[in-house]
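S.K.: coords please:
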Amino acid sequence: MAWQEGVVRVRIRRFAGCGRCQLRHGCGAGILERALPGRSLELTLPAELPLHPGKQVTIGLREPSMLSAAALVYLVPMLILMIGALALAPFGEAASIAGGVLGLAGGVLAVRAWVRRTGRGIDCEPVLLNNNGNADGQ
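M.R.: Just a heads-up that it's a prediction; the model follows:
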């Protein structure tokens, strides 16, 4: 970890699976951890307070970003899938299934087009969290 002028560079050691895997017991993910040791990820995040090397920090995503991302990516296509299936339901089961599939594809394409056209992506940037779980600066 290194902090300089409001920015912190953090190195994260990635673990595969649950706590048992980290102990290299249980399922096969522990075997992968032994085969690929030392995998890490480096992030650069804004941080108001100076941090020192060796200090453990909590990194997460802001809750509103997660909720809006989930709504956009899951609910919109699912809603259009249901509309497509219901619209073609009077024409039989096969037509209803086809309407659902077309609706799902249309929903995914609609979300993709909206993100590209508006230039507003889903804000899922990691942030440095303090001990009480709130993002720094809030």
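
S.K.: Need the pLDDT of the spatially closest residue to Leu41 that is not a sequence neighbour.
M.R.: Spatial nearest neighbour of Leu41, chain neighbours left out: Ile12 (4.7 Å); criterion: CB to CB, 6 or more residues apart in numbering. Yep, even glycine has a C-beta here, placed from its N, CA and C like the rest. What the model reports for Ile12 is a pLDDT of 73.

S.K.: doesn't Glu42 make contact with Ile12?
M.R.: Yes - here Ile12 reaches Glu42: they are 7.5 Å apart, a contact under CB atoms under 8 Å.

S.K.: Have a look at these two and say which one is more surrounded.
M.R.: Each of Ile12 and Glu42 has its neighbours counted (other CB atoms under 10 Å); Ile12 has more, 13 against 9.

S.K.: Name the secondary structure element that contains that one.
M.R.: Using DSSP states H and E, Ile12 sits within strand 7-13.

S.K.: surely Leu51 meets Val8?
M.R.: Yes - using CB under 8 Å as the test, Leu51 is close enough to Val8 to be in contact (5.3 Å).
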